[in-house]
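Enquirer: 3D, please:
(2 chains)
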Protein chains: 2
Amino acid sequence: MAFRFDLQHEDKETAARLGTMHTPHGVVPTPVFMPVGTQATVKTLAPRDLRDVGATMVLANTYHLYLRPGADLIAEMGGLHQFMAWDSPILTDSGGFQVFSLSNLRRITDDGVAFRSHVDGSEHLFTPEKVIRLQEQLGADIIMCFDECAPPLDYEYNKRALERTHRWAERCQAAQTRQDQALFGIVQGGVFPDLRRQSAEFIGSLDFPGIAIGGLSVGESKADMHRMLEELEPFLPRHKPRYLMGVGAPEDLLEAVARGMDMFDCVLPTRIARNGGVFAREGRLNLRNAQYARDPRPIEETCGCYTCRNFSRAYLRHLVQAKEILAYHLNSIHNLYFLLQLMAAARKAIADGTFASFKEEFLDGYRTTDEDARARNREARGKNIAKRGLITEL
Amino acid sequence: MAFRFDLQHEDKETAARLGTMHTPHGVVPTPVFMPVGTQATVKTLAPRDLRDVGATMVLANTYHLYLRPGADLIAEMGGLHQFMAWDSPILTDSGGFQVFSLSNLRRITDDGVAFRSHVDGSEHLFTPEKVIRLQEQLGADIIMCFDECAPPLDYEYNKRALERTHRWAERCQAAQTRQDQALFGIVQGGVFPDLRRQSAEFIGSLDFPGIAIGGLSVGESKADMHRMLEELEPFLPRHKPRYLMGVGAPEDLLEAVARGMDMFDCVLPTRIARNGGVFAREGRLNLRNAQYARDPRPIEETCGCYTCRNFSRAYLRHLVQAKEILAYHLNSIHNLYFLLQLMAAARKAIADGTFASFKEEFLDGYRTTDEDARARNREARGKNIAKRGLITEL
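Expert: Residues are numbered from 1 along each chain as shown, chains lettered A, B, ... in the order given. From the prediction side, this is the model:
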């Protein structure tokens, strides 16, 4: 089955869109948030738990799976869906973001990127062709072009990186051999409207079945991110899904949906869960706080997730304090359920023509803190992305 | 509802027994294996997972829960069943084993045991009266007497410790105020038949609703353990459940059932799971081994657990190697399912009058290794129990 995106409804007051993606492993209503299963597992959750929280599609990381256990091994085991026992849609990224943020970069050339594994220090080369071959071995429903993720505020760097990213997009398209996978192009260009526009026009011209926006949510301000999305929107093909990479905070999701974005992924909900951070209607709670020690209420009284239906904040705090793995599991269940319900509510509001007021009402009640923003930036940036000025670019 | 034990059938060829325990939170067929939920969670598993693997009753540790989050807090939250969202039967131990094996012991007197917390080094005193009060706050269906767990091979030590354990049993009985909890006595006496007999007769005379055997599986040989159980069996009340504490290897469970034991608990299945160890019909497998890297088979072809129905050894090995929490979760599910199915099969064999041949057939096919035995001993002993010769006994 070929990939298809049906645009079903466009909001009148905002740029929000309602759609459906058809993939070989099932149908995905958009806007959609995709939980991240970096190493072929959404951390602490089994596939039955993912279904239970309402996940329709998950993301896995080509960079990690290439290093361990190897894309050839996964292919031999029947592909990623069978390997991780998730027979619903999967998206794999290209490894572009990871080689720039996680690995020890060695050399960037027009050919590709040489890097050292963060696992064992071994040397590797990613080229557009190699990254497509790896993703074809993994067998996800949606695969991504190899791109260069540049520091968002350096114009000259972004200009050079964009040129490379565009050449790599053409090479990825040429390298694709499987017809059952949808290859998405990636728009880059930092926080610079002229570069973003140029990139959207070029990537749009290549006729990919979907378009991703890379290089945002990596340290720039919220205002910059919003401005970029507004600049870009008119230049993005209307009848193709638009995937804003690496965004997963509730407030960011709604702001991006309002600016015409359809797909999202982020480690945020599962990562903060492992540190005792949980989403609530009024903002993020930190279950480590002593105030929850004797709190008999669930995280959210009205939440329908397994965690809220069964456990008190007091119990969850105890598990967090005792470093019990069940804390990570139960908090991850809640956070993913919260985001997936938020997206379901957003879809309903778009269908009903009430998205603008739905978004305002949610944001009015949802407190974001500096701590949240700092954590989000830290997480999104990854370990090394801030050091990239030091990297040898050839 | 008061506690009741129905002895339904006694095997003709062995001392195996089939029974049913009736508790305020439900009925438990015996012989039964109880997964250990030390800190009010069976590690990595939610209650729904525990039901799914067939658990009917779980154990929690008074020592751990007293230190964190506190028995008063759990009482305030409605008791242990509500706190951990497990509305089926629970047994709490008395903390006796833990103060001797985990904490930094300060002083043992006839009054009780002074110790320092392994969590924060704070000083505490456990007396029989205090331990009963804590267990009444926790609210389990079955609670245990406070006992002194002596090094199994030291006759003089065991003789003195036994005297104390018997006085403490009387004091525990006198201290009990709740009528909805069944208080079990504990038989001690190391590897010495005369002490074990003396203890069984004394504890039996106190008319507890159940009898536990403590101080075995703590470093003595398998032959010693079997001999002790055989010596003890004729002296144990026939119509009361017999609980062999701390035993959970498949071969040990069947040998103990054959010697008249009805209840068991052990951290073994969940602890080895977190190190990649999984039970199989032919013996324990270590999923870290490279031989499983490309093995598409489940742990066991015929196993009906969630893990075996969905995942290959190759996937599980990948998760173990990548230190993914899902490995601990999925391996724990399999190991508990394996043991609980083994106990269900044992109950059926006792009912059918085929237990002796069932046991022989299982043990013929099940390879135990020195590594297994060493790991089991290490685990059962706990951290400090071997050092107890150094402890100030007053």
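Enquirer: Contacts only, for residue A:210.
Expert: A:3, A:5, A:142, A:182, A:184-185, A:240-243, A:263 (CB atoms under 8 Å, 6 or more residues apart in numbering or on different chains). Using the backbone N, CA and C atoms, a C-beta is placed for each residue, glycine as well.
Enquirer: Now, these that are in strands?
Expert: A:5, A:142, A:182, A:184-185, A:242-243, A:263 (DSSP state E).
Enquirer: ok, of those, which one's closest to residue B:232?
Expert: residue A:142 (64.5 Å; CB to CB).
Enquirer: And the helices in the stretch 1-150 of chain A?
Expert: A:47-53, A:62-67, A:71-76, A:80-84, A:96-101, A:128-138 (DSSP state H, counting those that start in this stretch).
Enquirer: Make TSV out of these and add mean pLDDT and distance to chain B.
Expert: Below are these laid out as TSV (pLDDT from 0 to 100; distance: least, CB to the nearest CB, whole Å):
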stretch	mean pLDDT	distance to chain B
helix A:47-53	98	7
helix A:62-67	98	8
helix A:71-76	98	6
helix A:80-84	98	5
helix A:96-101	88	15
helix A:128-138	98	13
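Enquirer: Could you say which one of these comes nearest to residue B:75?
Expert: helix A:47-53 (30.9 Å).
Enquirer: tell me how far that closest one is from the chain's mean position?
Expert: In terms of CA atoms, centre = their mean, to the nearest Å, the centre of helix A:47-53 is found 18 Å from the chain centre.
Enquirer: contact partners of it?
Expert: Residues contacting helix A:47-53 (CB under 8 Å, 6+ apart): A:35, A:42, A:45, A:58, A:84-86, A:88, A:305-306, A:329, A:333, A:336-337, A:340, B:306, B:310.
Enquirer: So which of the residues you listed sit within strands?
Expert: Per DSSP E, the subset of those in strands is A:35, A:58.
Enquirer: Within range of chain B, give me the residues from chain A.
Expert: Contact residues (CB under 8 Å from any CB of the partner chain) of chain A with chain B: A:39-41, A:43-48, A:68-69, A:73, A:76-78, A:83-85, A:293-294, A:296, A:306, A:310-312, A:314-315, A:317-319, A:321-322, A:324-326, A:328-330.
Enquirer: the helices in the stretch 251-394 of chain A, which residues?
Expert: Using DSSP H, counting those that start in this stretch, helices in the stretch 251-394 of chain A cover A:268-273, A:306-310, A:313-321, A:325-352, A:355-365, A:370-381.
Enquirer: Kindly reformat those helices as JSON lines containing mean pLDDT and mean neighbour count.
Expert: As requested, the helices of the stretch 251-394 of chain A are exported to JSON lines (pLDDT from 0 to 100; neighbours: other CB atoms under 10 Å in any protein chain shown):
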{"stretch": "helix A:268-273", "mean pLDDT": "96", "mean neighbour count": "24"}
{"stretch": "helix A:306-310", "mean pLDDT": "98", "mean neighbour count": "19"}
{"stretch": "helix A:313-321", "mean pLDDT": "98", "mean neighbour count": "24"}
{"stretch": "helix A:325-352", "mean pLDDT": "98", "mean neighbour count": "22"}
{"stretch": "helix A:355-365", "mean pLDDT": "97", "mean neighbour count": "16"}
{"stretch": "helix A:370-381", "mean pLDDT": "52", "mean neighbour count": "15"}
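Enquirer: what's across from the residue nearest the centre of chain A in the sheet?
Expert: A centroid search over chain A (CA atoms, centre = their mean) returns residue A:265, at 2.0 Å, as the residue closest to the centre. Counting by DSSP bridges, residue A:265 is bridged to residue A:34.
Enquirer: ok, it - contacts?
Expert: Contacts for residue A:265 (CB under 8 Å, 6+ apart) come out as A:33-36, A:59, A:91, A:243, A:245-248.
Enquirer: hmm, 6 Å instead?
Expert: Contacts for residue A:265 (CB atoms under 6 Å, 6 or more residues apart in numbering or on different chains) come out as A:34, A:36, A:59.
Enquirer: State the distance from it to chain B.
Expert: According to CB to the nearest CB, to the nearest Å, residue A:265 and chain B sit 18 Å apart.
Enquirer: Then residue A:275?
Expert: 14 Å.
Enquirer: next one: residue A:197
Expert: For residue A:197, the distance to chain B - CB to the nearest CB - is 41 Å.
Enquirer: Excluding chain neighbours, give the residue nearest to that residue in space.
Expert: Distances taken as CB to CB, 6 or more residues apart in numbering or on different chains put residue A:235 closest to residue A:197, at 5.5 Å, once the chain neighbours are dropped.
Enquirer: was I right about the one you found contacting residue A:200?
Expert: Yes. With contact defined as CB atoms under 6 Å, residue A:235 reaches residue A:200; the gap is 3.9 Å.
Enquirer: between these two, which one's more packed in?
Expert: Taking other CB atoms under 10 Å in any protein chain shown, residue A:235 and residue A:200 do not tie; residue A:200 has more neighbours (24 against 16).
Enquirer: For residue A:178, see how far away residue A:241 is.
Expert: 19 Å (CB to CB, to the nearest Å).
Enquirer: Which residue of those two possesses the greater neighbour count?
Expert: Shown here are residue A:241 and residue A:178; by other CB under 10 Å, residue A:241 has more neighbours (28 against 12).
Enquirer: Against residue B:79, how distant is the more buried one?
Expert: From residue A:241 to residue B:79 the distance is 50 Å (CB to CB).
Enquirer: Please apply the same query to residue A:305.
Expert: In terms of CB to CB, residue A:305 sits 24 Å off from residue B:79.
Enquirer: out of those two, which sits in the more crowded spot?
Expert: residue A:305 (23 against 17).
Enquirer: Run through the residues that contact the more buried one.
Expert: So residue A:305 contacts A:333-334, A:337 (CB under 6 Å, 6+ apart).
Enquirer: Just give me the closest of the residues you listed to chain B.
Expert: Taking CB to the nearest CB as the measure, chain B lies nearest residue A:333 of these, at 8.4 Å.
Enquirer: which residues touch that closest one?
Expert: Here residue A:333 is in contact with A:53, A:305-307 (CB under 6 Å, 6+ apart).
Enquirer: With distance to residue A:118 added, can I get those residues in a markdown table?
Expert: Listed next are the contacts of residue A:333 as a markdown table, based on distance: CB to CB, whole Å:
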| residue | distance to residue A:118 |
| --- | --- |
| A:53 | 29 |
| A:305 | 33 |
| A:306 | 33 |
| A:307 | 32 |
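Enquirer: Strands of the stretch 101-250 of chain A, start to end?
Expert: A:104-108, A:113-116, A:123-126, A:142-144, A:182-187, A:211-213, A:242-244 (DSSP state E, counting those that start in this stretch).
Enquirer: Tell me which of those sits nearest to residue B:285.
Expert: Residue B:285 lies closest, by CB to CB, to one member of the strands of the stretch 101-250 of chain A: strand A:123-126, at 31.7 Å.
Enquirer: Now the closest one: average pLDDT?
Expert: Strand A:123-126 shows an average pLDDT of 96 in the prediction.
Enquirer: So which bits of that strand are buried?
Expert: A:124, A:126 (16 or more other CB atoms under 10 Å in any protein chain shown).
Enquirer: so how far is it off the chain centroid?
Expert: 24 Å.
Enquirer: and if you look at stretch A:245-260?
Expert: 10 Å.
Enquirer: What mean pLDDT does that stretch get?
Expert: Stretch A:245-260 shows a mean pLDDT of 97.
Enquirer: distance between the ends of it?
Expert: 14 Å (CA to CA, to the nearest Å).
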